[in-house]
Each structure stands twice: as structure tokens, then as C-alpha cells.
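Novice: coords below, sequence missing:
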């Protein structure tokens, strides 16, 4: 009768931990601590440490969980350049649903296995278009930079319509230009 | 005879403080504190607080000091698009000389009067080419994102040759594409 019970009834597992962590992180990353998470889950901090090694691992799990929802860059059908474009726009839309996670994603995606899978899919899509590994890398990097920068510039605020429009336009301009650039230089190589 | 004197002989002023702060910050931003700075300057922390209000103001002063060295985007001669390109490449080269300052510059340039002056120069250069304020804004923003993202991706390490080459190529592709895009849409408007 005195509010919700302080002791958790259900068994604690990593899925439940990640779900609760994502819920807290949506409000702002700073509020996500082992302490606030243990409150949310109604378990002791000690019980939490049996499943995750600390805040660092927690952030990694949250980032992986969010990126996991990104659209697949297709397997082997369709235009690889369009697949790359769809992947980036998909990740942008996804990040918009988790305001406050930008810093964590920017900092942790280099070590995230899920971000790595996205990278590999994007690279594979470009190689299907005949790009060398080196060129695919270059293109993927440039596109990633535009995306990363557009997130870093937000500083925690929500994307406004102008941000969304500018990004979509700039992405199309960059992808079309890189495509032209790559195709022209491989043509020169053949001639 | 027992090492350098602990008490500073010269008068303390903001220029001396910023110079010492930049020297420390080059090694890594985390090492720059009011304490480490007072040691470097051989003054008490109290003496330092008479000139700067704290670490926050210090970081802003350091960022402004670094950006102040960026090349001017020209006044009213030459191609405005090339002036923008030169400004961005100039800031990139400048940042390469201050490894470890990326995070501070990314976080503080929105509130930096010097970054604001750079922005205004870049915008003016684009408007000289006939761009509307809105289009100039769009272009400047997209180019800034590419730049910001290329710095955020470094995570404190130095830029490698591949980073430098990819950035220069992507910047050219983006600027050429945006130019084409803007010129085509203003032509459509006239017709």
C-alpha cells in the first residue's frame, strides 16, 4: 500500500537490464548510472554488478541495442549506393528517437560490434557496385563523417526541420558526387 | 639551486594564462585544470581565479585562441566557394597542430565569438556568389558537419594520411555538388 514494492519479483537478466537502461538513457545519458538503474529495476547495485561490469559496459550495451534496430543495408539486390543511403537515413531516424544518446553512440560506435556489422554491410553494398575495398572505405568514411558531424552539432537538442532537410540534401549531394568521382577514376584506370 | 622557483616573477595576465593553458592542453585536455595551470604558471590557484572564473572560461579562452589563428576567408576578392574551402582546410590544418583539443572545439565553437566570426566570413563569401542567406546557411552547415564528423571520428588520435586525403576529396566533392545544386535551383527559379 506504500507505493510499488522495493524488491523485484521477476528474475534479473541482461535483456531486462538493457531495456531499463535504454528507458533511463532516453531522458539523458547523465542520469544513467548503476545507482539509478538499480532503482529502476528494484534490485540492489550488487545484484546489477553480477550481470554488467559497470557503467562502461552498460553504455556499450545500450548503444548496441539501439543500433541493432537500424535497417539492413540489403543483401545482394538493388543499387549498393541506394542501400548505403538508406542505411544512413535509417540510422539518423533511429537516433532521432533516442535524443541524448548521440554522445554515447559517437564515442562507442568504433568499438560496437553492431556498428561494425553496419559498416561491413555498407562496405559490401559499395563493393557490389564494383568499388575497390579502398574506395569503398573512403566513401563509407566520408558519409559517416557527415552523419557524425550532423549529430555532434546538435549538442543534445532535437533535430529541427532545417537540420533534417539539410542533411538529406547534403547526403544526396555527397553520395552522388562520390559516385561520380569513383566511377570517373575507375574509367580513367581502364582507358 | 633546488629546481625552478615556485613563485612567479612576472606579472600575471590573461595572455600569459592562455599561453600556459594552450601548452598544457596540447598534451590532452584532461590534464588542463586550474591546479595544473597554477603549477605551470607558478602562481597560487587563488591568483588565477582573479583573472579567469574557472575551468569553463579557461577552455573557452583556449578554443578562441586556437581558432583565432585560422586563415581569413578573404574580404571581397576571389571565388567565395574557394574561400570557404580554404577556410575549412585551414581550420583542419590548425586543429592538427593541437591534438587533444578536438572535443573542446566541437563543444565550444557554437558559443565561441571567434568561431562565430569564421562562420560570418564563410557565409559572406557564399553570399558574394549570389547565394541567399538560407542557401548559404545550408551550405555552411553541411560543410561544417563533414568537418566536425571528421574530427569526432579521430577520438584523440592524430589524423593519418588516409584521413587527410579522404577529407580533402570529400570536401571537394561536397562543395562542388552543393555549388551545382544551388546554381541549378536558382536557375530554375529564374526560368
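Specialist: The structure has been received and is ready for your questions. The structure presented is a predicted model; accordingly, all values stated were derived computationally and were not measured.
Novice: per the annotation, how does chain A divide into domains?
Specialist: A:14-64, A:71-190 (automatic domain parsing).
Novice: please identify which of those is closest to chain B.
Specialist: domain A:71-190 (3.1 Å; Cβ to the nearest Cβ). Yep, even glycine has a C-beta here, placed from its N, CA and C like the rest.
Novice: buried residues of the helix or strand residue A:185 falls within, list them for me.
Specialist: Assessed by DSSP states H and E, residue A:185 sits inside helix A:161-190. Neighbour-count burial for helix A:161-190 flags A:163, A:166-167, A:169-171, A:173-179, A:181-182 (criterion: 16 or more other Cβ atoms under 10 Å in any protein chain shown).
Novice: now the weakest link among the domains of chain A, please, by mean pLDDT.
Specialist: Note on the domains of chain A: domain A:71-190 shows the lowest mean pLDDT, a mean of 88.
Novice: please see if that one touches chain B.
Specialist: Yes: using Cβ under 8 Å from any Cβ of the partner chain, domain A:71-190 reaches chain B at A:106-107, A:110, A:137-138, A:141-142, A:144-150, A:152-153, A:155, A:162-163, A:165-167, A:169-170, A:173-174, A:176-178, A:180-181.
Novice: quick one, what contacts the nearest residue to residue A:178 once chain neighbours are set aside?
Specialist: Nearest residue to residue A:178 in three dimensions, chain neighbours excluded: residue A:139, at 4.9 Å (Cβ to Cβ, 6 or more residues apart in numbering or on different chains). Applying Cβ atoms under 8 Å, 6 or more residues apart in numbering or on different chains, we find residue A:139 in contact with A:84, A:126, A:131, A:175, A:178, A:182.
Novice: adding distance to residue B:10, write the residues you listed out as TSV.
Specialist: TSV is the format used below for the contacts of residue A:139 (distance: Cβ to Cβ, whole Å):
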residue	distance to residue B:10
A:84	57
A:126	58
A:131	59
A:175	56
A:178	53
A:182	57
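Novice: and which of these is nearest residue B:114?
Specialist: The shortest approach to residue B:114 among these belongs to residue A:178, at 31.8 Å (Cβ to Cβ).
Novice: hang on, that closest one packs against residue B:170?
Specialist: Yes: contact criterion Cβ atoms under 8 Å: residue A:178 and residue B:170 qualify, at 7.2 Å.
Novice: who touches both of these two?
Specialist: A:138, A:142.
Novice: picking that back up, what about the residue nearest to residue A:178, distance to residue A:174?
Specialist: 9 Å (Cβ to Cβ, to the nearest Å).
Novice: can you tell me the SS state at residue A:115?
Specialist: Three-state call for residue A:115 (DSSP: H, G, I helix; E, B strand; the rest coil): helix.
Novice: I figured it hits residue A:109, correct?
Specialist: Yes: counting by Cβ under 8 Å, residue A:115 touches residue A:109, with 3.8 Å between them.
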